[in-house]
Every structure is written in structure tokens, then in C-alpha cells.
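[1] this one's structure only:
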């Protein structure tokens, strides 16, 4: 657990610390620790924490500050030791994106191949969806199980996906929710310290991080993504742990569904072998990198065959069902996807031109999903797990005038016209043939 405030800490002034960072000055390790401890213990209120976080978002932090922030957040609660489970426990994390349901697909595949997966996930942040929100879309699935139950599940069935507990990195859990409500999500220091503090506290020693960039990601270009990868590797350095960063594009949504129930359905279909090309590309890349970190020496071609075998044999889907059942879910929904509750309004978005899709803005689609209620506009807001968007056309696809671009799944008819227009504006359709692009850009 965290230490009590030191005498020096009690003499610090949060207003002075906020002002110092507002002016772009470097904070000391003690000042950062003072903020993290104070906010975690509710001695610093939300409005002052929001001011501090916004100052960091605007002015950034240097390497020493980021390491101090990460360490303080990791030390804000208990730390989990997974060494009694296996030396080969591998984690996967994504910096987020629109339609990113990769964790739901990758984790059971890896577990079915004999590599334990112990993962704590977060809820949606900004326009990016959260794995916890998706898991909670499966009726009765418990994401808030105890640490003991979490570890036992990993020991006995090789997998558990849960939400972050208040005992592990509680500072991050509070800051994570606050960032989402004050538009302070796309900051390298905040993203790096959030992800890495959770992984340190959760006992992760091997991790693959999917760092997305583009209109639907926090990092808007490859340079920013590579800076974040470098920052994360620097935090991890010297901790006797292994990390691999996959740099991937998020200019268009991943897959064809955006929204919580809709993405669960797509993930289940993927575990039966029904995957869009972009989903398949990133799923296989992350699986291969996770297997390599776990010590697998086979060639890439051999590993790909093993992954396909896990899917085609049904072992990956069976592992997902086994996990969901252990965590209380009504798994009949996974066998019969039609049982999932549907949005009361489902309408098509019709193209008014012919041509080829050149652009499909993930950012605009993500904002539509928020407006429909699939994400949060403040940290207390409840989401509607039924709503979202199903895409019919993506970059490179041919579109005819009058053909369907997407389907909106909504609960409110009053906003439909504006959201239809917003989806149309997300598409750029041209007369020349357009080739689809690869998703995976670089491995670091």
C-alpha cells in the first residue's frame, strides 16, 4: 500500500504544483508523488486534479517526470505477483481505437494455445471503446471479480479478463475516468503512465502493446506513435521484463462494427473464422508477437497455422466460452447471437454517389457512436450497449449510388438525421480505383 504523506509532502501546495506545470516547468519526483497520493486519498478534489491533468496534457512531461508519474501510480495500491501461475503469462494492451475488439479475439486464441493470459482492461475513453464495456455487454459477465478468483481462473483455465480493481493502481483508475470527462486523453505522458502503471501493478512481465495512430486514435501520426513506444520501452527498461510494440493504423474503424454488443458479436464471429481482412491482419500479428514473447521458436508460417487451427478447431471459441462461464456470464448468448438485445431503431445510411471509398474517418464514426450513446460524455454517464454502427463499405470498396454505406443502431429518432449526415461526411468517395491499406505498420 502507499505510504502516508511525508512531513515535506504535507508542506507542499497543490495550487503551486498546478501552477508550476501550467507554466511548463519540470516537476520533482516528490511533487508528482504528492499529487498522486493526495488524489488517491481524496485529499485533492476532482477540480484541482482536472487542472493538473490538463496542464500535463497541454505542456507535457519529460522522461524523468513520466517515470515518476508511472511509479507513483503503480505504487498507489497493491501489486500482484503472477509468478506462482507461470513464467509465461503474457499480456496484450491497445492504446485504443474505433471498433477495436482485438482483445476479445486474441486472448482466447493465445490461451487455447497453452499460453496463460491474465488481463485487466479499462472502459471506453473518448471515442475509443473499452474492453470492459464490451465484456459487460455479455449478460451477467462479472468483470469485478476478486484478485484470488482472477488468479485461480488463470491457473485453472488459462485466461481471465477483468476490470481494473481498486486495489491495483487506484490512482490510475481515478485519473483514467477523469481524463475521459475533461478531453485530456491524447497525451503521451498520460497514456504511457496509465498503461504502464497498470501493467507494473498487475505483475505483467511480458506484454505486447498495440499503439494505434490516425484519426480514430489518440496518436494522430506515426511519429507520435513511435514516441509513445519509445517512452513505454524506457519505463520498462531495467525491470527484467519484455515488451513489444506493434504500430498500427487507425484512420478507419477496425472491422465492421462499432458499439459494445455489436463488437462482441463481431468478435464471436471472428473466433469462428469470420474476420474482415484488417481485423485478421492485426489479430494474427499480435498473436504471433505474444507467442514469440512466450518463447515460441517456430517460423511465422508455422505460428499462423497454429492460430488458424485454434480458430477452425473451435478451441479458441471454447476458451472464450469457458472464461465467460467462469465469470458468471449467460453463455447461451455466445451460442445464439440473435439473443443479444437489439437497438429499437436500425436504419440504413444510403450513398448518394458512385465510386470507390478513398477515406472513412474513424474519428467521425467514433463521434457518431458517442452521440448515439455507445460511449460516455462524462465519467458518470451510463452507456447504451445496444447502439452503434455497422459498416457496409470500407476503404477500397466499390459503392453504387443508392447502395448502403452503413446501418445505424439507435435508441433516439430525434438525432437520426444529424447522425446520418455525419456518417456520410465520414466517407470520401472518388471515381478512381482505391487499394485497401495494410493495418500493421511497424514492430518495435
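    Received it, and whenever you're ready, just let me know what you need. This one's a predicted model, so the numbers in the text were calculated from it and none came from an experiment.
[2] quick one, strands of the protein?
    91-94, 117-121, 159-163, 206-213, 242-249, 257-258, 345-350, 355-360, 388-391, 398-399, 404-410, 427-430, 440-443 (DSSP state E).
[3] I'd like the average pLDDT over stretch 310-326.
    Across stretch 310-326, the average pLDDT comes to 98.
[4] picking that back up, so can I have TSV of the strands of the chain showing distance to residue 279?
    For glycine as for every other residue, the C-beta is placed from the backbone atoms N, C-alpha and C. Formatted as TSV, these follow (distance: least, C-beta to C-beta, whole Å):
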stretch	distance to residue 279
strand 91-94	13
strand 117-121	18
strand 159-163	18
strand 206-213	12
strand 242-249	11
strand 257-258	10
strand 345-350	21
strand 355-360	15
strand 388-391	12
strand 398-399	20
strand 404-410	17
strand 427-430	20
strand 440-443	12
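[5] In terms of mean pLDDT, which of these ranks lowest?
    Among these, strand 117-121 scores lowest, with a mean of 86.
[6] what does that one contact?
    By C-beta atoms under 8 Å, 6 or more residues apart in numbering, the residues outside strand 117-121 that reach it are 82, 85, 89-93, 103, 107-108, 110-111, 130-132, 135, 143, 150-151, 154, 158-165, 168, 198, 202-204.
[7] tell me the domain boundaries of this structure?
    Using automatic domain parsing, the domain parsing of the chain gives 7-60, 91-337, 341-430.
[8] Tell me which residues of stretch 61-78 come out buried.
    Within stretch 61-78, the residues that count as buried by 16 or more other C-beta atoms under 10 Å are 61, 65-78.
[9] Repeat that for stretch 328-336.
    329, 331, 333-334.
[10] Between the two ends of it, what distance do you get?
    Its start and end residues considered, stretch 328-336 measures 17 Å (C-alpha to C-alpha, to the nearest Å).
[11] and it, how far from the chain's centre?
    The chain centroid and the centroid of stretch 328-336 are separated by 23 Å under C-alpha atoms, centre = their mean, to the nearest Å.
[12] now do stretch 150-169
    17 Å.
[13] Can you tell me which of the contacts of strand 117-121 end up in helices?
    103, 107-108, 110-111, 131-132, 135, 150-151, 154, 198 (DSSP state H).
[14] hmm, back to that, would you convert the buried residues of stretch 328-336 into JSON lines that also reports pLDDT and distance to residue 12?
    JSON lines is the format used below for the buried residues of stretch 328-336 (pLDDT from 0 to 100; distance: C-beta to C-beta, whole Å):
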{"residue": "329", "pLDDT": "98", "distance to residue 12": "46"}
{"residue": "331", "pLDDT": "98", "distance to residue 12": "51"}
{"residue": "333", "pLDDT": "98", "distance to residue 12": "51"}
{"residue": "334", "pLDDT": "98", "distance to residue 12": "51"}
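[15] For the stretch 301-444 of the chain, which segments are assigned as helices?
    Under the criterion DSSP state H, counting those that start in this stretch, the stretch 301-444 of the chain contains helices at 315-326, 332-335, 362-372, 416-426.
[16] swap in the stretch 1-150 of the chain?
    Under DSSP H, counting those that start in this stretch, the stretch 1-150 of the chain gives helices at 7-10, 14-22, 29-40, 46-59, 63-74, 102-112, 131-135, 147-157.
[17] Geometric centre of this structure: which residue is closest?
    residue 96 (4.0 Å; C-alpha atoms, centre = their mean).
[18] show me where pLDDT drops low in the protein?
    Applying pLDDT under 70 to the chain flags the ranges 1-10, 123-129, 166, 238, 377-380.
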